[in-house]
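*Asks:* curious how this folds, go ahead:
(one chain, ligands or ions: 2)
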Amino acid sequence: MNILLVGGGGREHALVKKLRESPQVDIICALPGNGGMASEATCVDISATDLQGVTDFAKNNYVDFALVAPDDPLVMGLVDELEAAGIPCFGPNKAAAIIEGSKAFSKALMKKYGIPTAGYEIFSDKDAALRYLETAKMPIVIKADGLALGKGVIIAQTLEEAQNAVISMMEDGAFGESGNTIVIEEFLEGPEVTVLAFTDGKTILPLASSMDHKRALDGDEGLNTGGMGVIAPNPYYTPEIAKLCMDTIFIPTINAMNAEGRTFKGCLYFGLMLTKEGPKVIEYNCRFGDPEAQAVLPLLEADLVDIIIATRNQTLDKIPFSVSNRASCCIIMASQGYPQSYLKGFEIGCRGCLGSGVEVSFAGVRLEEGKLLTNGGRVLGVTAVADTLPEAIDKAYAAVGQIHFENAFYRKDIGKKALEA
Ligand code: AMP
Ligand code: GLY
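*Replies:* Ligands and ions are numbered 1, 2, ... in the order given. Got it, this is the predicted structure:
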């Protein structure tokens, strides 16, 4: 089979590696991909958000099946375009991708169908939002309605911080159109868990649970990022909690989307907080997480090609599916300065052997005259799989120690909180 993969980051490289394990795969084309995956996939320089360009490419190049990984093209309706052009596709259509594309939509969905989440109000008027804050309890959480590269969430400790957040989103346009509408929600406390699950709208097959590390610096300090490291499985996510989440969140969400005429087919990302009152939804994403995918895909034992086809054809109940009970740890190596400004163009090198069970997923890199150069904030992810979490963490850090490029930085405490659980 010839597979078209839309996207170009570390998550997409992890998907390429998993697809390559399948005996069914012939050619993988990545649009745009990146230089670090060029030996495993044919990278073609077409942007993931160029809907017409991607669709034309798919029509002209013997593509048997497409997989759309990033949020923007999903929310823009790339799956609808590809399917309309006769290309079978993995990923939610535009109507279903709104579960990530609009927080106002997802909050209203949860309220309507009794799915546990933080209490909230929605505002499209700045003055109404500011008036509401006067009597609200602090800390409080302010979220831009639309996509904002994972940065559209501000946790305000004081009234002044909250007011500034509202003004930056609604008056200064810090997140563009995404901030025209905002959600102001109750601050929740408890361990965070991510669960990625394949669903065809009828069956739900969760992957290993995971814990992301979103802040840039050790000890959860610094700015929010797309994610600086992940461990899986998440020790807070016990079998009892998994059952509770399946019954009170996962199945109700699938049913709610069906009832709204927005059947979700693809990978649904549940960002959960385990509060004293039980698990609550912090956010839904309509796709694999990045870097969660780099940590949980290596633990998937089933054939990913079978899964993506069955997800699209609504036959997930008919295929073999299993997840390893081993552990994994993914550490992101970034460019100093990320998530703000940083330099690019440094050669990436490796001092020695990375060890067995270790994989590197390239993200912000480019290939130039046979050399891999840094080309983004998050440069690469190193994932190690082992029998236990402490071993996976040690192995991942040992491998990180072998990789070098100028201005590299990474968190030294990925998995620390999980080990304390
Ligand atoms: P999001 O982009 O929605 O995942 O939010 C980014 C991060 O903000 C989450 O991973 C949480 O750590 C935090 N966060 C979001 N919503 C809340 C909330 N209601 N209460 C506490 N923390 C939150
Ligand atoms: N790592 C968080 C995300 O993919 O949204």
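*Asks:* use CA for all of it now, contacts and neighbours both
*Replies:* Noted.
*Asks:* contacts only, for the most centrally placed residue in the chain.
*Replies:* Nearest to the geometric centre of the chain sits G289, at 1.6 Å (CA atoms, centre = their mean). By CA atoms under 8 Å, 6 or more residues apart in numbering, the residues touching G289 are 11, 196, 269.
*Asks:* check R411 too.
*Replies:* Contacts of R411 (CA under 8 Å, 6+ apart): 216-218, 228-229, 331-332.
*Asks:* in what helix or strand does A108 lie?
*Replies:* helix 103-112 (DSSP states H and E).
*Asks:* before we move on, the earlier item: can I have the buried ones of the contacts of R411 as a PyMOL selection?
*Replies:* To isolate the buried ones among the contacts of R411 in PyMOL, judged by 16 or more other CA atoms under 10 Å, type:
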select buried, resi 216+217+228+229+331+332
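*Asks:* between the contacts of R411, which is nearest M273?
*Replies:* The shortest approach to M273 among those belongs to G229, at 17.9 Å (CA to CA).
*Asks:* look up how far ligand 1 lies from that closest one.
*Replies:* 13 Å (CA to the nearest ligand atom, to the nearest Å).
*Asks:* just grab the bridge partners of that residue for me.
*Replies:* Beta-bridge pairing of G229 under DSSP bridges involves I331.
*Asks:* check what pLDDT the closest residue to ligand 2 within the chain gets.
*Replies:* Nearest residue of the chain to ligand 2: G289, at 3.3 Å (CA to the nearest ligand atom). At G289, the model reports a pLDDT of 97.
*Asks:* that one: what secondary structure?
*Replies:* Secondary structure state of G289, per DSSP: H, G, I helix; E, B strand; the rest coil, is coil.
*Asks:* can you check L354 too?
*Replies:* L354 - assigned by three-state DSSP - is coil.
*Asks:* what about it, how many neighbours?
*Replies:* Residues near L354, counting by other CA atoms under 10 Å, number 21.
*Asks:* the residue nearest to it when sequence neighbours are not counted sits in which helix or strand?
*Replies:* Leaving aside its sequence neighbours, L354 sits nearest to A399 (CA to CA, 6 or more residues apart in numbering; 4.8 Å). With secondary structure defined by DSSP H and E, A399 is part of helix 389-400.
*Asks:* flag every buried residue along that helix.
*Replies:* Those would be 389-393, 395-400, for helix 389-400 by 16+ other CA under 10 Å.
*Asks:* also near ligand 1: which of the residues you listed, exactly?
*Replies:* Among the buried residues of helix 389-400, no residue lies close to ligand 1 (CA under 6 Å from any ligand atom).
*Asks:* now those as TSV including distance to I115?
*Replies:* As requested, the buried residues of helix 389-400 are exported to TSV (distance: CA to CA, whole Å):
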residue	distance to I115
L389	31
P390	34
E391	37
A392	34
I393	34
K395	39
A396	37
Y397	38
A398	42
A399	41
V400	40
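*Asks:* in the chain, which spans are helices?
*Replies:* 10-20, 51-60, 71-76, 78-84, 94-101, 103-112, 126-134, 159-170, 239-245, 251-259, 292-296, 304-313, 389-400, 416-420 (DSSP state H).
*Asks:* just to revisit the earlier point, check contacts around the residue nearest to L354.
*Replies:* Contacts of A399 by CA under 8 Å, 6+ apart are 353-355, 358, 382.
*Asks:* 10 Å instead, please
*Replies:* A399 is in contact with 331, 350-356, 358-360, 382-384, 393, counting by CA atoms under 10 Å, 6 or more residues apart in numbering.
*Asks:* over to L78?
*Replies:* Counting by CA under 10 Å, 6+ apart, L78 has contacts 6, 48-52, 54-55, 68, 72, 84, 89, 91-94.
*Asks:* closest to V183 out of those?
*Replies:* Closest to V183, out of all of the contacts of L78 and judged by CA to CA, is D72, at 20.0 Å.
*Asks:* this completes my enquiry, with thanks.
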